[in-house]
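Engineer: The following block contains a protein sequence and its predicted model.
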Amino acid sequence: MRKTWIAAVACALSLGLAACGGSAPSGAADDAPAGGVGPDGTIKIGSLHPLSGAAAADGQQMDNGARLAVEAINEAGGIKSLGGAKLELLSADTQGKPEVGQSEAQRLVQEGAVGLVGTYQSAVTANVSAVAERNRVPLVIDVSTADSILQQGYQYTFRVQPSSTVLGAKGAQYLNEVATAGGAPVRSVAILHEQGPFGSAIRDSFTAEAERLGIAVGPVIAYDAASVPDLTTQMTQVKAAGVDVLVVTGYYRDGVLAAQAVQTVQPGVAAVYGVANGAFDLPQFPAEVGQAGEGFFDANYHADMTKPETQELARRFQERFGDPIRTGAVLAYDAVRVIAHGLETAGSADPEKVRDAIAGAELDTLLASGGPIAFDERGENKNAIPILMQVQGGAVRQVHPGEFAEAEPIYPAQPELATR
Amino acid sequence: MSAPADATAAASAAARSDALPRQPWNRPLAVVAVLTVLLVPLPLVLPGAQEAVAVRVLIFALLSIGWNVMSGFGGMFSFGHAAYFGLGAYTTAWLLVERGVSPWIGMAAGMVIAAAFAVVIGFLALRYRLRGAYFALATFAFAEMLRLWAIGSDFVNRAEGYHVPLLPESSWWYLQFEPGSPNYFWIALALTVAALVVSILFLRSRAGQFTLAARDDAEAAASLGIPVMRYKLTTMALAGAISSVAGAFYVQYYLFVDPDLAFGSSQSIQAILPAVIGGVGTIWGPVIGAAVLGPLSDVTATILRNPPPFLEFLQGRGGLDVILYGLLLIVIIRLLPKGIYGALQERWSRR
Amino acid sequence: MSRPAEDVAAPDDAAATPTTAGAARVPWARATAVVGVLVVAVALAYLQSGSGIVVSQAVVTGILVGGVYGLVAMGLTLIFGVLDIVNFAHGAFLALALFGTYWLVTALGLHPLVALAGNIVAMFVLGALVQRGVLAGAMDRPLENQLLITLGLAMIIENGLLLFFGADPRSVALPGDRGVAILGAVADLSRILAFAGALVLAGALFLLLQRTRLGTAIRAVAASSTGAELVGIDTRRIYVLTFAIGTACAGAAGTLLAPLVTIEPTTGAQFTIIAFVVVVLGGMGNVVGALVSGLVIGLAEQLGGLLLPGQSPLLAVFIVFVLVLFLRPQGLFGRSG
């Protein structure tokens, strides 16, 4: 009899103590108002990214980008409308898991964050945006491709990156423009895409616009990005179809596989054209695949490297973290600036007022964009556009539209046979 | 609680007559009652983020109790328990989003579907005499097939999954409350307590005794006239139903589900860990294990968020907290191979 | 939880396996059945895709990729056959070997094939240490305990790599890599080399197990550890050696794989589940079985992608897996119970 009672008490104690022993808020009582200027005069902004797990490389970069933004704003005098109050970044590791993202978001809100940025993975973002909505704290999404999150009617979620609809449609337009200007108009494209919601959404929006422009789309080949070991079979299907251009949508690892498959199979296309491709516009892509990636296009959201502010940021990032900056980090940087702008305009650290200020905000951006950052009623960035990049001479250059171009697009850009 | 001699003796006694020897089952039930009373005021004293951890602990305890019924008491190691969790989650989500049906009904429907699926898998696996690691990997294969089917199927919105629509105000019928509301904890507590009571009653019942007998020596049990297949399937159905409730509640709490969250291998592993840490084949094992593991990753993350000066070079590089978590897993299971409660049981029975 | 008796070799086994004592006999009926199914699958894939070139490419790629799967699984099946340990850290060891190769090639400037020898030795030593230190005490524990320990190990190794090397993807290129034409299809030289490596490794393991004293001792322990002790074999030493050999196999697989994959701390994880499917399908403990079932899985994946467009090819893999298990619960080449 005694042992079962001991067991019972042990259970209760362990459940209770363990729950208490978790992440303790720094001094905030649970009925403290959300947000506000903290007791030490700083305003807290939460950064939720995957600092470990499969997406750690991007997550860490994005967290660093957010950090640089906070430091830059503080150096420039903090939030002037609040008496020069300084910002403080609270970093959280979502580990790429929605449950962790959710509890970390709760924790950050509890610790007084007036705004959140994140989160990179769509499943995690879905959870976090629900937390943001229910706690009435604005979330500014830096990177997350799922459009469904912004179709839920949430008032507290905003997104800086362009939607899949815009990415696909603009991608098709740019292809048409570049090919026509290169004297070889595109008549047919094949699409190779990862089969998840990201790849499928891009496929749909690209196809709709391409067909509107009179380009035939097919074959459309899907693959499982998580498990695919090799893309030569798929590439052979593309070769057998004899299309003008191959469009590729996917993540980094499979982008590399695609480049290797193109080199091995030689599908005879005028160009390999990525749309929101996670590999083709990254600096390490030409380094990893060498000649195999030469001439590859990518229509993707990208930091505008022709802007001096962006170049300055890239320089500071390289100096501070020893790593060339990638677009995700620039988006995180801008996302923090959006929140800071909201604080500045609202003149208050009340998250609800900050949210209203963000909704009506207009501010310049370090990204290549069709205008200032401004949000529509769903929280989408109205002026977000992709731009076209191409791998030339082992480096990624912006090539189209003209006002962002660092170099001329080379079309046709027949991928060359070369030994690695 | 389950020495082979006892089980077979009890089973053979039951096979001969309807009267079972008197078992001290009232004590565990009393303990459950006491625990419940002790835990009810918990959400009122815990701040919001800790309450979220407590709810998470309960969800995984529930999932693991289901796993334990089948793998601990039934002896059939399931490596694809995410299948039942996911079926509960998707049934609830689909009925709610596509048809506006209350998640309580969805939960019940999920239990039925998960139990049916468990019976099908169990029947196939047992008929073709899969055992041990072969059986385990077959269950995993079924969970993966569900996941891949869901990813490719328009019927369940493919890989996009479902968002639970936010309601303007709290609703018990639709199981949605203010964030941080104690109702979530109380409902999860009630569900977990119900699962514990069900598993205690199951063990006490004839079916449960027969299942234990079959686990420990299937041939002997069969030779006593026990229909092993029937009771194994019953056990699997029960395990599936219990775990599906965890999935159904998960959707209502986290407001989002997709194929990877529902059917992914990490959920299958989540079903196993608490039971192993707490003690496989014991009533309290999954609960203790969940209580230990639930906040563990939070605690390691907190400790390492502000690392001591000699480890500062690691700041900004993620992963240290997961290393600590893995280290603790190994240490716990090496020191207490029968789990926490299993080790306690051993000490007491030695006296 | 009872451990089924049939996982340990039955002395009156009629099926041929390299880990049991006795001459190897080729199971003709089973081989014909497998080949027959493959022929049907290829024919269906041809009908579905309408192009012979595509199907022959799928077959060639399937065989080459399958060889890699077999390569990864070989060490795992040996470990299971002898130690009865389900090693969930196998993928993490693979990732460790990948990074080891990366470091040997970039920091020391070695040719990848030279790195092969270094990796094998390093992983052998590591495996021995891990077995002695961590796993020896968990040898006769139930499946779930081993799961936890090896899972914990996997977390430690993967995140240790993350901490040490950082999260950025790395790559290793095989000098002189190019496309090679085979049977109307094309393949990368590095992939062909990996396939050749798989064959060589399988052959080496087979010879080790069948022709050396150590191999005989290993097979004896796999058949019956008490019996082996009775004839004077030091079973603990055999356990350590076998685990070390298994890990060394993962090391070899890592080097051969390095030019084919993007090297990240989580790269190994994508192979773990496939490796388990291959091991179970081939019959746990059977090295040649692992190679053959690796080929079957590779082909199932490629052909499945053609037969079920729009679905993940893994679906075809798991369907094949489950069907084979129903037809032959101990795997293609496993010992019958």
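Structural biologist: Ah, there it is. Numbers count the residues shown, from 1 in each chain, chains lettered A, B, ... in the order given.
Engineer: Helices along the stretch 51-200 of chain B, start to end?
Structural biologist: B:82-99, B:103-127, B:132-152, B:182-204 (DSSP state H, counting those that start in this stretch).
Engineer: hmm, the third one in reach of chain A?
Structural biologist: Yes. For a cut-off given as C-beta under 8 Å from any C-beta of the partner chain, helix B:132-152 has contacts with chain A, namely B:151-152. Every C-beta, even on glycine, is put in place using the N, C-alpha and C of the backbone.
Engineer: Dump that helix to CSV, restricted to CA.
Structural biologist: Extracted in CSV, the C-alpha atoms of helix B:132-152 (Å, rounded to 0.1, in the frame of the first residue of the first chain):
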residue,chain,number,x,y,z
GLY,B,132,10.0,-8.7,-33.2
ALA,B,133,11.8,-6.2,-35.3
TYR,B,134,10.0,-7.4,-38.5
PHE,B,135,6.7,-6.6,-36.9
ALA,B,136,8.0,-3.3,-35.7
LEU,B,137,9.2,-2.2,-39.1
ALA,B,138,6.0,-3.4,-40.7
THR,B,139,4.1,-1.1,-38.4
PHE,B,140,6.5,1.7,-39.4
ALA,B,141,5.9,0.9,-43.0
PHE,B,142,2.1,1.3,-42.5
ALA,B,143,2.6,4.6,-40.8
GLU,B,144,4.8,5.8,-43.6
MET,B,145,2.3,4.7,-46.2
LEU,B,146,-0.4,6.7,-44.5
ARG,B,147,1.9,9.7,-44.4
LEU,B,148,2.8,9.4,-48.1
TRP,B,149,-0.8,8.8,-49.0
ALA,B,150,-1.8,11.9,-47.2
ILE,B,151,0.9,14.0,-48.9
GLY,B,152,-0.4,12.9,-52.3
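Engineer: so how far is that helix off the chain centroid?
Structural biologist: 17 Å (C-alpha atoms, centre = their mean, to the nearest Å).
Engineer: so for it, what's the average pLDDT?
Structural biologist: For helix B:132-152, the mean pLDDT works out to 89.
Engineer: Same question for the first one.
Structural biologist: Helix B:82-99 carries an average pLDDT of 95.
Engineer: Need the residue closest to the centroid of the chain.
Structural biologist: No chain in the question, so chain A it is. Geometric centre of chain A, nearest residue: A:V143, 2.4 Å, by C-alpha atoms, centre = their mean.
Engineer: that's the wrong chain, I wanted chain C
Structural biologist: C:A73 (0.9 Å).
Engineer: mind listing what's buried in the helix or strand where it lies?
Structural biologist: Using DSSP states H and E, C:A73 falls within helix C:52-83. Buried residues in helix C:52-83, counting neighbours by 16 or more other C-beta atoms under 10 Å in any protein chain shown, are found at C:54-83.
Engineer: Assumed B:A221 was part of a helix.
Structural biologist: Yes. Secondary structure of B:A221 (DSSP: H, G, I helix; E, B strand; the rest coil): part of a helix.
Engineer: Wait, it touches B:A214, no?
Structural biologist: Yes. Counting by C-beta atoms under 8 Å, B:A221 does reach B:A214; the two are 4.4 Å apart.
Engineer: where do the contact lists of those two overlap?
Structural biologist: B:V228 (C-beta atoms under 8 Å, 6 or more residues apart in numbering or on different chains).
Engineer: Can you pick out the residue with more neighbours from the two?
Structural biologist: Applying other C-beta atoms under 10 Å in any protein chain shown to B:A221 and B:A214 shows that B:A214 carries more neighbours, namely 28 against 24.
Engineer: Also compute the angle for the host helix or strand of the more buried one relative to helix B:182-204, please.
Structural biologist: If you go by DSSP H and E, B:A214 is part of helix B:206-216. Helix B:206-216 and helix B:182-204 meet at an angle of 70 degrees, taking axes from the mean of the first three to the mean of the last three C-alpha atoms, to 10 degrees as the criterion.
Engineer: in helix B:206-216, what's buried?
Structural biologist: Under the neighbour-count criterion of 16+ other C-beta under 10 Å, helix B:206-216 has B:207-216 buried.
Engineer: can you put these in JSON lines and add distance to C:L256 and pLDDT?
Structural biologist: Output for the buried residues of helix B:206-216, formatted as JSON lines (distance: C-beta to C-beta, whole Å; pLDDT from 0 to 100):
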{"residue": "B:A207", "distance to C:L256": "52", "pLDDT": "82"}
{"residue": "B:G208", "distance to C:L256": "51", "pLDDT": "85"}
{"residue": "B:Q209", "distance to C:L256": "53", "pLDDT": "84"}
{"residue": "B:F210", "distance to C:L256": "51", "pLDDT": "82"}
{"residue": "B:T211", "distance to C:L256": "47", "pLDDT": "84"}
{"residue": "B:L212", "distance to C:L256": "48", "pLDDT": "85"}
{"residue": "B:A213", "distance to C:L256": "50", "pLDDT": "82"}
{"residue": "B:A214", "distance to C:L256": "46", "pLDDT": "81"}
{"residue": "B:R215", "distance to C:L256": "43", "pLDDT": "82"}
{"residue": "B:D216", "distance to C:L256": "45", "pLDDT": "80"}
